[in-house]
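Enquirer: Sequence below, structure please.
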Amino acid sequence: MLAVGTEIRYRIAALFAAHWDAFVRSTRQWIRPVVFETVRKIIACRTPALGCHLYACPKCQRLEVVPHSCKSRFCPSCGKHATDRWAANVLNDLLDVPYHHLVLAVPAHLRSVLSFNRPATLNLLFQAAISALSQWAREQHGMRLGIVAVLHTFGSDLKWHPHLHLLVTEGGLSLDASRWVRPYGDGWLMAHGGLKKMWRYHVIRALRQAHRAGELRFPKSAAFLAEYPRFNALLRRLYEIVWYAHIGASLRDPNFTLRYIGRYTKRAVLAEYRITHYDPERGTVRFAFQDYAQGGRTSYKTLPVLAFIGRLIRHIPDKHFKMVRYAGLFATRWRQHYLAHARSLLGHHEPATQETTNDTPVCLLPWRERQLAAGTDPLSCPICRVPLQFVRLVFGPHEPIAELFRAAGKPLRPSHPAWDTG
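Expert: This is a model prediction of the structure:
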């Protein structure tokens, strides 16, 4: 784990606000439209640009401004709440059986191909992983696994490194839905060697099909790969190396793993507390990362701020691209049907809904209730100690939003990253 504390001193929104225009002017690469939209949302988050709700105290007439958030999954603050909600909802649907955490990656030789052909090739990774596992379960053991697959496009130091994290049931429902199958007993899913070969085969097969169908394009520096014989020669060489595939130990409680793999699915790829220094004069950013090449110890990297921004935005997903996929027992279309059979065979009860339980996770509560759970009431007058009353929604260029923010002491733009905002 990173031993860098949890204090946030430098905000990603502030770095974008200070340097985004310079980045756009300096870059020679095409910037995807979704990147412009996402950065605009992050910079505007909780500022007058997005408006606010206005409340007032019925006794002293004190006004309270509640700024609107951007709701972007790449925003460090908004995305964290979305991730927590996702994890809580998925955990409520999972079967109460052991699981394994799998990690599947492609060789470095293919990363540029994936980068230049997103999202087609990223979809391909999902399909290859699910096909490999489903085929093994079906043909070898006559069962159907439960699979949650999450795509990460980054390494710990923010480089382009697409790979999949999967949460897979240890065992599965028989194809005729008559019994729960655990072919190897406790603590075992399958052999690493077999998984590596199946993963490699399905990815290479899918890439060949995509090339033949004309779905791949290549930069000028690799234009020769547009010819299928040359591209196929590259793929044949990749058959000679061992691909990375890891199967984690058996997990009785998938809570931690699910939250870990979902951590960067719906929010920024870098937690803000990992940004340890920003030098506005030199224009550099220093951040901490877990260096697996050094045994997982905490290392630090210093980058020019524009290069740092470039690494961040590279991992903004395309609009409507699904970073999480469900397959087998958890496939969205058949989930309720399969899970009902599985729970019946396992002797498990149906999970309680929010209407039938009083222990709703905090992350699933509305905004005010989450604040109350933390010990503060954001809609209570700090002077009179009475509930504030809603006045109106303030939004639009004709509204005096900036004046309301100033009167309430709210920031008009993201705090400058050179200041300590912890």
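Enquirer: I'd like to know how many residues surround His53.
Expert: 16 (other C-beta atoms under 10 Å). C-betas here are computed from N, CA, C, even on glycine.
Enquirer: again, but for Leu312
Expert: 21.
Enquirer: can you check Ala149 too?
Expert: With other C-beta under 10 Å as criterion, Ala149 counts 25.
Enquirer: Strands of this protein, residue ranges please.
Expert: Under the criterion DSSP state E, the chain contains strands at 52-56, 63-67, 99-105, 143-144, 146-154, 160-169, 172-174, 180-181, 245-247, 275-279, 284-291, 297-304, 324-328, 389-394.
Enquirer: Output stretch 86-103 as PDB, restricted to C-alpha atoms.
Expert: C-alpha atoms of stretch 86-103 as PDB (Å, rounded to 0.1, in the frame of the first residue of the first chain):
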ATOM      1  CA  TRP A  86     -21.700   0.600  -7.800                       C
ATOM      2  CA  ALA A  87     -19.800  -1.600  -5.400                       C
ATOM      3  CA  ALA A  88     -22.600  -1.700  -2.800                       C
ATOM      4  CA  ASN A  89     -25.200  -2.600  -5.500                       C
ATOM      5  CA  VAL A  90     -23.100  -5.300  -7.000                       C
ATOM      6  CA  LEU A  91     -22.200  -6.800  -3.600                       C
ATOM      7  CA  ASN A  92     -25.900  -7.100  -2.900                       C
ATOM      8  CA  ASP A  93     -26.400  -9.200  -6.000                       C
ATOM      9  CA  LEU A  94     -23.400 -11.500  -5.700                       C
ATOM     10  CA  LEU A  95     -23.800 -15.100  -4.600                       C
ATOM     11  CA  ASP A  96     -22.500 -16.100  -1.200                       C
ATOM     12  CA  VAL A  97     -19.800 -18.400  -2.500                       C
ATOM     13  CA  PRO A  98     -16.000 -18.200  -2.700                       C
ATOM     14  CA  TYR A  99     -14.500 -16.100  -5.500                       C
ATOM     15  CA  HIS A 100     -11.200 -15.600  -7.200                       C
ATOM     16  CA  HIS A 101      -9.700 -12.300  -8.400                       C
ATOM     17  CA  LEU A 102      -8.100 -12.700 -11.900                       C
ATOM     18  CA  VAL A 103      -5.800 -10.300 -13.700                       C
END
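Enquirer: picking that back up, now for the strands of the chain, which one comes closest to Ser77?
Expert: Of all the strands of the chain, strand 63-67 sits nearest to Ser77, with 11.4 Å by C-beta to C-beta.
Enquirer: can you list contacts of that closest one?
Expert: Residues from elsewhere that reach strand 63-67 (C-beta atoms under 8 Å, 6 or more residues apart in numbering): 46-48, 50-57, 378-379, 381, 388, 391, 404-405, 407-408, 410.
Enquirer: Over to stretch 11-26?
Expert: If you take C-beta under 8 Å, 6+ apart as the criterion, stretch 11-26 is touched by 31, 39, 42-43, 45, 75-76, 268, 270, 272, 275, 278, 280, 283, 285, 305-306, 308-310, 312, 413-417, 421.
Enquirer: Could you pick out the buried ones from the residues you listed?
Expert: Neighbour counting by 16 or more other C-beta atoms under 10 Å classes 39, 42-43, 45, 75-76, 268, 270, 272, 275, 278, 283, 285, 305-306, 308-310, 312, 413-414, 416-417, 421 among the contacts of stretch 11-26 as buried.
Enquirer: Return the subset of the residues you listed lying in helices.
Expert: Under the assignment DSSP state H, the buried ones among the contacts of stretch 11-26 contribute 39, 42-43, 76, 305-306, 308-310, 312 to helices.
Enquirer: Quick check: the farthest pair among those?
Expert: Pro76 and Leu306 (19.5 Å).
Enquirer: between the ones in helices among the buried ones among the contacts of stretch 11-26, which is nearest Gly214?
Expert: Using C-beta to C-beta, these come closest to Gly214 at Gly310, 29.7 Å.
Enquirer: Do you know the pLDDT at that closest one?
Expert: Gly310 carries a pLDDT value of 94.
Enquirer: all helices of the chain, in order?
Expert: 12-26, 33-44, 76-93, 111-116, 120-141, 192-212, 228-238, 255-262, 305-313, 335-346, 367-373, 401-408.
Enquirer: In JSON lines: these, plus distance to His320.
Expert: Below are the helices of the chain laid out as JSON lines (distance: least, C-beta to C-beta, whole Å):
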{"stretch": "helix 12-26", "distance to His320": "23"}
{"stretch": "helix 33-44", "distance to His320": "9"}
{"stretch": "helix 76-93", "distance to His320": "15"}
{"stretch": "helix 111-116", "distance to His320": "19"}
{"stretch": "helix 120-141", "distance to His320": "12"}
{"stretch": "helix 192-212", "distance to His320": "20"}
{"stretch": "helix 228-238", "distance to His320": "28"}
{"stretch": "helix 255-262", "distance to His320": "19"}
{"stretch": "helix 305-313", "distance to His320": "18"}
{"stretch": "helix 335-346", "distance to His320": "21"}
{"stretch": "helix 367-373", "distance to His320": "26"}
{"stretch": "helix 401-408", "distance to His320": "30"}
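Enquirer: To Tyr292, which of those lies closest?
Expert: helix 255-262 (14.8 Å).
Enquirer: check contacts around the most far-flung residue of the chain relative to its centre.
Expert: When each C-alpha in the chain is compared with the mean C-alpha position (C-alpha atoms, centre = their mean), Lys59 comes out farthest, at 44.6 Å. Each residue near Lys59 by C-beta under 8 Å, 6+ apart is listed here: 381, 384, 386.
Enquirer: This completes my enquiry, with thanks.
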